[in-house]
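Enquirer: Quick one, structure for this:
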Amino acid sequence: MFSTRQQAGADLARALTGFADSTPVVLALPRGGVPLGREVARALGAPLDVLIVRKLGAPHNPEFAIGAVGEGGAVVLDKTSIAALGLSDVIVDRLITEARSEIDRRVDTYRHGNELIDAADRVVIIVDDGLATGATAKAAVEVVRQLGAARVVLAIPTGSHQAVDQLTAICDEVICLEIPEWFGSVGSQYESFPQVSDNEVIGLLRD
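Expert: Numbering: from 1, shown residues only. You can find the predicted model right below:
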């Protein structure tokens with residue numbers, strides 16, 4: 001278990017020191033991944049940016065991910081869960097449209113409409129505060145692949161067995177510090193897990 005995101009980020013940075021010589025780009029998933037991304041980027045002397053990805057939550061249980069949408073048009077859907085919940089194409093399309101609207105808002109808020117940092121032919125380290133279902137991270141990986149990254153590394157302090165296995169199959173490397181026997185949720189792996197605000201994200205990026 002980790003005390004705070006900052007402590008988890010420092011621990012993650014130590015595990016990633018071997019990447020310093022590869023001049024990586026660090027892309028943090030907002031909002032929770034940004035405090036960790038800042039620690040990693042600072043330790044590696046790497047540029048930091050946010051990669052905007054939105055989880056698609058089930059209509060009656062928003063915490064249950066049925067997929068995710070990323071900037072640049074990437075969409076990852078869990079078709080098994082969608083079928084099990086009996087969600088129609090109309091409902092799924094509405095969720096995707098809403099997610100894209102929020103992505104546009106966050107791009108404007110965090111980057112003032114600027115383009116994502118150039119990741120072509122670079123080692124890209126995607127950082128988040130944890131991995132539950134893996135849907136958001138899958139969309140993030142797809143976005144980074146579309147950007148032409150030479151190598152995609154996912155770095156998280158904690159994750160579920162299932163999600164880590166799924167992401168290991170699509171990333172060049174996954175760095176996960178703790179995979180608890182019983183995962184529960186990302187928040188349950190931290191002693192302190194407050195919401196990260198837009199203003200906090202902007203401040204961390206400015207630093």
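
Enquirer: Please make it C-alpha for all contacts and neighbour counts, starting now.
Expert: Will do.

Enquirer: And the helices in the protein, which stretches?
Expert: Using DSSP state H, the helices found in the chain span residues 5-15, 34-44, 79-85, 89-111, 135-146, 161-168, 198-206.

Enquirer: Which elements pack onto the last one?
Expert: The contact analysis (3 or more Cα pairs under 8 Å, 6 or more residues apart in numbering; DSSP states H and E) places helix 198-206 against helix 34-44, helix 89-111.

Enquirer: Which strand runs longest in this structure?
Expert: When the chain is scanned for its longest strand (criterion: DSSP state E), the result is strand 61-70.

Enquirer: winner for burial among the helices and strands packed on helix 198-206?
Expert: Mean neighbour count (mean count of other Cα atoms under 10 Å) peaks for helix 34-44 among the helices and strands packed on helix 198-206, with a mean of 25.

Enquirer: tell me the pLDDT at Val144?
Expert: Listed pLDDT for Val144 reads 92.

Enquirer: just checking, it touches Asp121?
Expert: No - using Cα atoms under 8 Å, Val144 makes no contact with Asp121, being 10.6 Å away.

Enquirer: Could you dump the helices and strands packed on helix 198-206 into TSV and include distance to Ile117 and mean pLDDT?
Expert: Compiled in TSV, the helices and strands packed on helix 198-206 are given as follows (distance: least, Cα to Cα, whole Å; pLDDT from 0 to 100):
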stretch	distance to Ile117	mean pLDDT
helix 34-44	14	97
helix 89-111	10	92
